[in-house]
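S.K.: A predicted structure for the sequence below; I have some questions about it.
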Amino acid sequence: MILGSCNGLLCLRYFGGKIVLWNMSIREYHWLPDTQMEFPGGFGSCEFANYGFGYDSVNEDYKVVRLVQFLNKKEKEFKVYSLKDDVWRRSQDFPYYLCYKYAWGVLVNGALHWAVTQTLESEEKFVLAFGISMEVYGMVPLPEFSDRCFHLTVHVLGGCLCLLCHYFGVRVDVWVMRQYEVKESWG
């Protein structure tokens, strides 16, 4: 399964959880070391693991992030892998809840993006950006939607952040942010 691509590198996850970075052009690859899930209280079950992959231009490093949401839904684990150091480390707590299990982080402007909610019960969706270099979270300003009842997915189109709003069998709106982090540039 492809978790992401950047600068000609593919980040792939094989069945069984092994992750590899693969440079197809020079036919080289690097297996990431295994990392255990740190279950709350020492035991539990994983609901799902979500990933993102990108290049840290400040530190000249490639990074893979893994977000695990546990079945109790309140506990989460956020780890960052550094290719330069070849280690996984636990990062700051992930303060939101992913909307979709299989929507990998989308790399735009040096940040990975996901559709999130602030609470499990919340219907209101946001786009969260995780800056790969500084490893900080931020919210992306969203366009003015005509209706809030839709399925939101995050993509990249022509190097720009893109949102698809699926209005349950009625229509799909496509929004493209032409100037990153400028709300007025959505069109």
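M.R.: Ah, there it is. Source: prediction; values computed, not measured.
S.K.: With adjacent residues omitted, what lies nearest to G159?
M.R.: Distance criterion CB to CB, 6 or more residues apart in numbering; nearest residue to G159, sequence neighbours excluded, is V108 at 7.3 Å. Every residue, glycine included, has its C-beta placed from N, CA and C.
S.K.: what's the burial count for the one you found?
M.R.: V108: 21 surrounding residues under other CB atoms under 10 Å.
S.K.: So what sits opposite it in the bridge?
M.R.: A111 (DSSP bridges).
S.K.: what's it in contact with, if anything?
M.R.: The contact partners of V108, by CB atoms under 8 Å, 6 or more residues apart in numbering, come to V156, G159, C160, L161, Y180.
S.K.: rerun that using 7 Å as the cut-off
M.R.: Residues counted as contacts of V108 (CB atoms under 7 Å, 6 or more residues apart in numbering) are V156, C160, L161, Y180.
S.K.: Residues contacting stretch 172-187, please?
M.R.: Stretch 172-187 is touched from outside by 108-109, 140-141, 143, 157, 160-166, with contacts defined as CB under 7 Å, 6+ apart.
S.K.: please redo it, this time with the cut-off set to 6 Å
M.R.: Stretch 172-187 is contacted by residues N109, P141, P143, L157, C160, L161, C162, L163, L164, C165, H166 when judged by CB atoms under 6 Å, 6 or more residues apart in numbering.
S.K.: again with stretch 135-149
M.R.: With CB under 6 Å, 6+ apart, stretch 135-149 has contacts from S91, F126, V127, A129, F130, W175, K183, W186.
S.K.: List the buried residues of that stretch.
M.R.: Y137, V140, L142, P143 (16 or more other CB atoms under 10 Å).
S.K.: got it, and stretch 159-169?
M.R.: For stretch 159-169, a neighbour-count test (16+ other CB under 10 Å) marks C160, L161, C162, L163, C165 as buried.
S.K.: Quick check: beta-bridge partners of the fourth one?
M.R.: Looking back up the chat, that one is L163. Taking DSSP bridges as the rule, L163 bridges to V154, W175.
S.K.: Leaving out chain neighbours, which residue sits closest to R90?
M.R.: Spatial nearest neighbour of R90, chain neighbours left out: K79 (5.5 Å); criterion: CB to CB, 6+ apart.
S.K.: Just list the residues touching that neighbour, thanks.
M.R.: Contacts for K79 (CB under 6 Å, 6+ apart) come out as R66, W88, R90.
S.K.: now swap in W88 and tell me
M.R.: Neighbours of W88 in contact, by CB under 6 Å, 6+ apart: T35, K79, Y81.
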